[in-house]
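**Q** Take this sequence and fold it.
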Amino acid sequence: MSSTKDQWSAAAYSVSASFVPKLTQKLLSYLAPQPTDKILDVGCGDGKFTANFLPAVGSVLGIDASPAMIEAAKKDYNDPKAEWRVVDCRYLDKEGTIMNGSWDKVISNAALHWILRDSSTRMNTLRAIHGSLKPGGAFVFEMGGHGNVPEVMTALIYTLVQHGVPAEKAKAANPWFFPSEVWMRNALESIGFQVDKVEVEYRPTKLTSKANGGLAGWIKLMGAPFLDVLPEEKQDNAVRQICEILEPVVTREEDRSQWLGYVRLRGIATKI
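**A** Below is the predicted model of the structure:
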C-alpha cells in the first residue's frame, strides 16, 4: 500500500473491504506457520490478516506505507510478538536493517499489486524480498493477477475521459500492477528463487452491503488514485457515474448483491 498521499483509512477499509483479510485460508495454508518462525509481513495494512497467524509463530514484523493503517495495527494488535513499522515497500532495497537475511518467511496478502506498480522499483523490491530470507526461507504471496477487476478499471478510465481527462493520463493514474503467472514465475526465477507454486484463481468477490460502503465505498477507497486526477468538487459525481455504469454488470438478480471479478495470483517461492 504505497502512495505519497496516505489514501488509507482503517475505518473505511474495515467497512468497504472487510472481505480482504477473510478470504485467506488458502494463503495461510501455504504459509504453514510454525512456532519458531520469524515472519516479515509486507504490506500488512491494519494487521487483521497478520492476526490470523500471529499466535502460531515466534515473531512478526508488519510493514506498510500507510501511517494510518500502522497506527490501527499498533492499537488493535499490541502483542509482544508483533512489531509494526511504517515503511514504503516500494523501496525495500533501502531498508538494510530489515532486509537482512534473517527471516524464515516473508508473506504478502493483497498488497503487491500496489507495491509493484512502479516498473522502476519493481524488480528491486522482489530482489530485496529474496535477500531478506534465510537460505531455505519461503516467500508466500497473494495479489491481484492479470485480468483483475476489469469492469472497474474500464469504468474508472472511461469516466475520467468523460470528465475531460486525456485517455493516456487516465490510464497512467492506474495504481495497480496485475501480472500473469508467467510474468511472476519468470521474475522470481530470474532473481534466484525456486518457484514451488504459482497459480491463478478467478474468485468473484461479494462486496459489502450499500449500508456498509458497497460499490461506492470500494470505488472511493481502492480507486482513490484515479479519482484524485479530478478536482475534489467533481469526485462525488464521478463516483456516482462509475456506479451507474457498473451496477448492471456487478449486481445479481436473485438478491441484488454486488460482486467484482477478482483474479488472484498466489504463490510460494523458496530461497535456495
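
**Q** Can you show me the helices along this structure?
**A** All helices of the chain, identified by DSSP state H, fall at 10-16, 25-31, 67-76, 112-115, 122-132, 150-162, 167-172, 181-190, 214-222, 224-227, 232-250.

**Q** Residue ranges in the stretch 51-200 of the chain under the pLDDT threshold?
**A** Residues of the stretch 51-200 of the chain meeting the criterion pLDDT under 70: none.

**Q** picking up where we left off before, include mean neighbour count and distance to D88 when you put the helices of the chain into TSV, please.
**A** Yep, even glycine has a C-beta here, placed from its N, CA and C like the rest. Conversion of the helices of the chain to TSV gives the following (neighbours: other C-beta atoms under 10 Å; distance: least, C-beta to C-beta, whole Å):
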stretch	mean neighbour count	distance to D88
helix 10-16	18	18
helix 25-31	16	23
helix 67-76	19	11
helix 112-115	24	9
helix 122-132	20	10
helix 150-162	18	24
helix 167-172	13	20
helix 181-190	16	20
helix 214-222	20	19
helix 224-227	20	15
helix 232-250	15	25
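
**Q** and of the ones you listed, who's closest to G45?
**A** Smallest distance to G45 across those (C-beta to C-beta): 4.8 Å, for helix 67-76.

**Q** for that closest one, packing partners?
**A** helix 10-16, strand 59-64, strand 82-86 (3 or more C-beta pairs under 8 Å, 6 or more residues apart in numbering; DSSP states H and E).

**Q** quick one on the thing from earlier: with distance to I39 as added columns, please give the helices of the chain in TSV.
**A** Output for the helices of the chain, formatted as TSV (distance: least, C-beta to C-beta, whole Å):
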stretch	distance to I39
helix 10-16	21
helix 25-31	8
helix 67-76	14
helix 112-115	16
helix 122-132	11
helix 150-162	31
helix 167-172	35
helix 181-190	19
helix 214-222	26
helix 224-227	29
helix 232-250	35
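
**Q** Could you point out which of the ones you listed sits nearest L54?
**A** Among these, if distance is taken as C-beta to C-beta, the winner is helix 67-76, at 10.6 Å.

**Q** L112 is in contact with D41, isn't it?
**A** No - applying C-beta atoms under 8 Å, one finds L112 not in contact with D41, separated by 12.0 Å.

**Q** got a list of what M184 touches?
**A** 198, 265, 267 (C-beta atoms under 8 Å, 6 or more residues apart in numbering).

**Q** Give the burial count for the second one, as a bare number.
**A** Each residue near L265 was counted by other C-beta atoms under 10 Å, and the total is 24.

**Q** Pairing partners for it in the sheet, please.
**A** M143, V200 (DSSP bridges).

**Q** Offset the numbering so it begins at 657, please.
**A** In the new numbering, first residue 657, that becomes L921.

**Q** from what I can see it touches A766, true?
**A** No - at 10.8 Å, L921 does not count as touching A766 under the criterion of C-beta under 8 Å.

**Q** who touches both of the two?
**A** Common neighbours of L921 and A766 (C-beta under 8 Å, 6+ apart) are 798-800.

**Q** now stretch 747-756: how far from the chain's centre is it?
**A** Remark: stretch 747-756 is offset 20 Å from the chain centroid, using C-alpha atoms, centre = their mean, to the nearest Å.

**Q** ok, and for it, which residues are buried?
**A** 747-749, 751, 754-755 (16 or more other C-beta atoms under 10 Å).

**Q** Stretch 842-859 now?
**A** Buried residues in stretch 842-859, defined by neighbour count with 16+ other C-beta under 10 Å: 843-844, 847, 849, 851, 854, 856.

**Q** Show residues contacting it.
**A** By C-beta under 8 Å, 6+ apart, stretch 842-859 touches 679, 686, 778-779, 782-783, 786, 794-795, 801-802, 835-837, 840-841, 917-928.

**Q** try 6 Å this time
**A** Identification of contacts with stretch 842-859 by C-beta atoms under 6 Å, 6 or more residues apart in numbering yields 782-783, 786, 801, 837, 840-841, 918-926, 928.

**Q** Ok, stretch 917-924 next?
**A** Identification of contacts with stretch 917-924 by C-beta under 6 Å, 6+ apart yields 686, 794, 796-799, 801, 803-805, 852-859, 861.
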